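> Coordinates only, no sequence provided:
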């Protein structure tokens with residue numbers, strides 16, 4: 001195997017991704033958004049997951065910072081959707097950390 005160590009920039013991105021997915025509520029939010037036909041508001045997410053509004057808002061910020069979630073303003077509402085392109089790269093990040101060939105990220 002001719003695997004090379006990952007560079008500092010990639011390691012930083014991957015660490016952010018792993019950290020973002022290290023909480024079960026964030027994983028549940030991502031799953032909910034992945035299954036949703038349309039972007040969702042914080043209130044809709046709160047109602048579906050039975051988690052407090054401030055907790056959901058905090059987790060959405062972390063997920064957006066990691067680029068797993070997209071934010072879109074519609075009028076006075078902020079709507080959230082999954083960033084499929086970023087989430088799809090996550091398995092490649094795990095492969096790269098393990099020294100296996102990874103798809104380009």
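Great, that's in hand. Every value quoted in this text rests on a predicted model; they were computed, and no experiment measured them.

> low-scoring pLDDT stretches of the chain, where are they?
1-3, 87-105 (pLDDT under 70).

> most centrally placed residue in it?
In the chain, the centroid-proximal residue (CA atoms, centre = their mean) is residue 68; its distance is 2.7 Å.

> ok, which stretches of the chain are helices?
8-20, 24-35, 42-49, 53-65, 84-97 (DSSP state H).

> In CSV, list those helices along with distance to residue 78.
Using the backbone N, CA and C atoms, a C-beta is placed for each residue, glycine as well. Shown next, in CSV, are the helices of the chain (distance: least, CB to CB, whole Å):
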stretch, distance to residue 78
helix 8-20, 18
helix 24-35, 13
helix 42-49, 7
helix 53-65, 9
helix 84-97, 18
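
> Ok, which of those comes nearest residue 72?
Nearest to residue 72 among the helices of the chain is helix 53-65; the distance by CB to CB comes to 10.9 Å.

> list the buried ones in that closest one?
56, 59-60, 62-64 (16 or more other CB atoms under 10 Å).
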